[in-house]
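Participant: fold the following and give me the result.
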Amino acid sequence: MLTSLSAVQGLLNDTLRVTVTDGRIFLGTFVGTDSELNILLLNTDEFRLGPNENPNGRFVGQVMIPWRLVSKVEARLSLQSPDGMFT
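Facilitator: Numbers count the residues shown, from 1 in each chain. Purely as a prediction, here's the structure:
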């Protein structure tokens with residue numbers, strides 16, 4: 001039986017795509033969370049969508065994303081999906 005804790009542990013060192021309420025997207029390696037469910041990512045790139053924004057994003061390194069700002073969290077599909085799609 002898969003518990004919530006083991007599901008989160010299974011995501012450690014995986015690439016996550018986190019969308020926050022202002023529309024920014026963070027793509028980085030998930031290394032943990034705290035008791036308030038803030039998300040810690042390493043080697044992170046930040047993307048802002050819009051006509052005047054850099055489509056390649058910018059490297060921001062290590063980030064702690066407050067859970068209250070998170071609107072969506074996506075993880076890469078397993079090896080069954082070689083195209084690297086997120087779900």
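Participant: low-confidence bits of this structure, can you list those?
Facilitator: Counting by pLDDT under 70, the chain contains low-confidence ranges at 1-2, 78-87.
Participant: helices along that one, start to end?
Facilitator: With helices called from DSSP state H, the chain shows them at 4-10.
Participant: who's in contact with the nearest residue to G32 once chain neighbours are set aside?
Facilitator: Leaving aside its chain neighbours, G32 sits nearest to L40 (4.8 Å; criterion: C-beta to C-beta, 6 or more residues apart in numbering). Every C-beta, even on glycine, is put in place using the N, C-alpha and C of the backbone. Contact partners of L40, counting by C-beta atoms under 8 Å, 6 or more residues apart in numbering, are F30, V31, G32, T33, D34, Q62, V63, M64, I65.
Participant: what pairs with the first one across the strands?
Facilitator: Okay, so that is F30. Bridge pairing for F30 (DSSP bridges) gives the partners L41.
Participant: isn't it up against L16?
Facilitator: Yes - counting by C-beta atoms under 8 Å, L16 is a contact partner of F30 at 4.6 Å.
Participant: shared neighbours, those two?
Facilitator: Joint contacts of F30 and L16 (C-beta under 8 Å, 6+ apart) are I39, L41, A75.
Participant: buried among the residues you listed? Make that a ChimeraX selection.
Facilitator: Selecting only the buried entries of those in ChimeraX, with 16 or more other C-beta atoms under 10 Å as the criterion:
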select :39,41
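Participant: quick one: which of the shared contacts of F30 and L16 is nearest to S6?
Facilitator: The closest of these to S6 turns out to be A75 (C-beta to C-beta; 14.4 Å).
Participant: what's near enough to touch the closest residue in space to F26 that isn't next to it in sequence?
Facilitator: Here the nearest residue to F26 in space, its sequence neighbours aside, is V18; by C-beta to C-beta, 6+ apart that works out to 4.6 Å. The contact partners of V18, by C-beta under 8 Å, 6+ apart, come to I25, F26, L27, G28, I39, L41, I65, V70, K72, V73, E74.
Participant: can I get those residues in TSV including distance to T3?
Facilitator: Formatted as TSV, these follow (distance: C-beta to C-beta, whole Å):
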residue	distance to T3
I25	29
F26	26
L27	27
G28	25
I39	19
L41	23
I65	23
V70	21
K72	22
V73	18
E74	21
